[in-house]
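# all I have is the shape, not the residue letters:
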């Protein structure tokens with residue numbers, strides 16, 4: 001039987017309780033928050049637990065932790081459990097935002113750029129009028145994220161988040177619910193040169209610039225939303241932000257790098273230059289998973 005330290009037991013306790021409570025494993029960012037450590041520290045502990053055969057994970061999947069220890073040997077987790085993934089699940093989206101459309105009306109061409117990425121990582125998408133909740137989904141699927149972490153829009157100095165988060169936070173003065181707010185509402189208030197920010201995963205801090213490039217009429221026999229252009233692959237989840245991603249790319253590109261094999265095993269095959277507009281459009285139309 002593989003033994004584990006009290007600290008390792010605390011991690012196992014949280015992972016076990018979380019999985020039992022929500023029906024799926026926690027993300028590393030949630031583990032870091034629960035254990036009050038930095039994301040790199042949580043990642044290092046996951047590697048240690050793997051090496052000791054206490055857990056196993058699927059390469060490149062952010063929520064794939066499986067405990068290999070009998071539940072009878074794991075300490076009890078006595079603190080409150082909060083899932084950031086559960087907050088954003090929407091099993092019954094509004095009918096007006098459900099699926100691709102070829103109806104008439106204005107189409108918003110939006111450029112999504114990952115800030116501080118070198119070379120640039122970006123997508124150019126077209127969509128008819130949608131809510132910010134739906135726009136969040138389009139950003140996630142266009143970029144290639146997995147919706148495993150919290151997100152927010154920053155518009156004119158105000159943070160717009162999911163209404164449940166506003167309720168949980170008690171309503172900060174600069175925090176508002178984005179329920180019902182649409183792209184057309186923002187254009188009406190700020191004009192057709194609309195610009196704002198979108199942040200995903202407050203641990204890694206993936207900040208995106210959202211720019212409305214133009215408003216056009218819907219084309220006949222064209223379905224929306226769609227991706228018409230872009231460049232380079234989305235970084236893996238939990239890689240450590242833009243700077244961690246740069247180190248990751250350097251390591252997997254160099255077979256002699258001391259972390260090459262370890263990172264390649266963690267992420268699976270990864271081509272940082274990969275991008276396919278048609279595949280991106282398919283992801284956007286398929287939408288996010290419901291769990």
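That came through fine. Note that the structure is predicted; figures quoted are calculated from it, not measured.
# just the helices in this structure please.
6-22, 28-35, 39-51, 84-88, 132-143, 163-169, 183-190, 241-253, 260-267, 277-286 (DSSP state H).
# could you identify which of the ones you listed is most buried?
Neighbour counts (mean count of other CB atoms under 10 Å) averaged over each of the helices of the chain peak at helix 132-143, with a mean of 23. For every residue, glycine as well, the C-beta is placed using N, CA and C.
# would a markdown table of the helices of the chain with distance to residue 105 and mean pLDDT be doable?
Formatted as a markdown table, these follow (distance: least, CB to CB, whole Å; pLDDT from 0 to 100):
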| stretch | distance to residue 105 | mean pLDDT |
| --- | --- | --- |
| helix 6-22 | 39 | 89 |
| helix 28-35 | 38 | 82 |
| helix 39-51 | 42 | 82 |
| helix 84-88 | 27 | 46 |
| helix 132-143 | 15 | 96 |
| helix 163-169 | 26 | 68 |
| helix 183-190 | 10 | 94 |
| helix 241-253 | 36 | 92 |
| helix 260-267 | 41 | 84 |
| helix 277-286 | 18 | 94 |
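# how about those in JSON lines, adding distance to residue 210?
As requested, these are exported to JSON lines (distance: least, CB to CB, whole Å):
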{"stretch": "helix 6-22", "distance to residue 210": "30"}
{"stretch": "helix 28-35", "distance to residue 210": "22"}
{"stretch": "helix 39-51", "distance to residue 210": "25"}
{"stretch": "helix 84-88", "distance to residue 210": "18"}
{"stretch": "helix 132-143", "distance to residue 210": "7"}
{"stretch": "helix 163-169", "distance to residue 210": "19"}
{"stretch": "helix 183-190", "distance to residue 210": "10"}
{"stretch": "helix 241-253", "distance to residue 210": "17"}
{"stretch": "helix 260-267", "distance to residue 210": "27"}
{"stretch": "helix 277-286", "distance to residue 210": "15"}
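# relative to residue 207, which of these is closest?
helix 241-253 (8.4 Å; CB to CB).
# which other residues reach the closest one?
Residues outside helix 241-253 that contact it (CB atoms under 8 Å, 6 or more residues apart in numbering) are 40, 114-118, 204-206, 235-236, 239-240, 257, 259-260, 263-264, 267, 270, 272.
# among those, name the buried ones.
114, 117, 204, 206, 235-236, 239-240, 263-264, 267, 270, 272 (16 or more other CB atoms under 10 Å).
# where in the stretch 51-200 of the chain is pLDDT low?
60-62, 81-103, 166-174 (pLDDT under 70).
# which residues of it fall in strands?
55-56, 66-67, 106-114, 122-128, 151-155, 158-161, 175-177, 195-200 (DSSP state E, counting those that start in this stretch).
# and the fourth one, which strands flank it?
It refers to strand 122-128. When pairing is defined by DSSP bridges, strand 122-128 lines up against strand 106-114 (antiparallel), strand 226-231 (antiparallel).
# for residue 156, grab the count of nearby residues.
10 (other CB atoms under 10 Å).
# give the full set of residues in contact with it.
190, 196.
# I'd like the strands paired with strand 122-128 as a markdown table, with distance to residue 35 appended.
What follows is those, written out as a markdown table (distance: least, CB to CB, whole Å):
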| stretch | distance to residue 35 |
| --- | --- |
| strand 106-114 | 28 |
| strand 226-231 | 36 |
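# among these, which comes closest to residue 44?
strand 106-114 (25.2 Å).
# list the buried residues in that closest one.
107, 108, 109, 110, 111, 112, 113, 114.
# next one: it to chain centre, how far?
18 Å (CA atoms, centre = their mean, to the nearest Å).
# mean neighbour count, the strands of the stretch 51-200 of the chain: which tops it?
strand 122-128 (a mean of 22).
# show residues contacting that one.
Under CB under 8 Å, 6+ apart, the answer for strand 122-128 is 101, 103, 105-114, 135, 138, 142-143, 183, 213, 216, 218, 224-232, 280, 284.
# count the residues that sit near residue 4.
Neighbours around residue 4, by other CB under 10 Å: 19.
# pretty sure it is touching residue 45, no?
No: the criterion here is CB atoms under 8 Å, and residue 4 misses it with residue 45 at 10.8 Å.
# any idea how far residue 24 is from residue 127?
Computed as CB to CB, to the nearest Å, the residue 127 to residue 24 distance reads 29 Å.
# perfect, that will be all.
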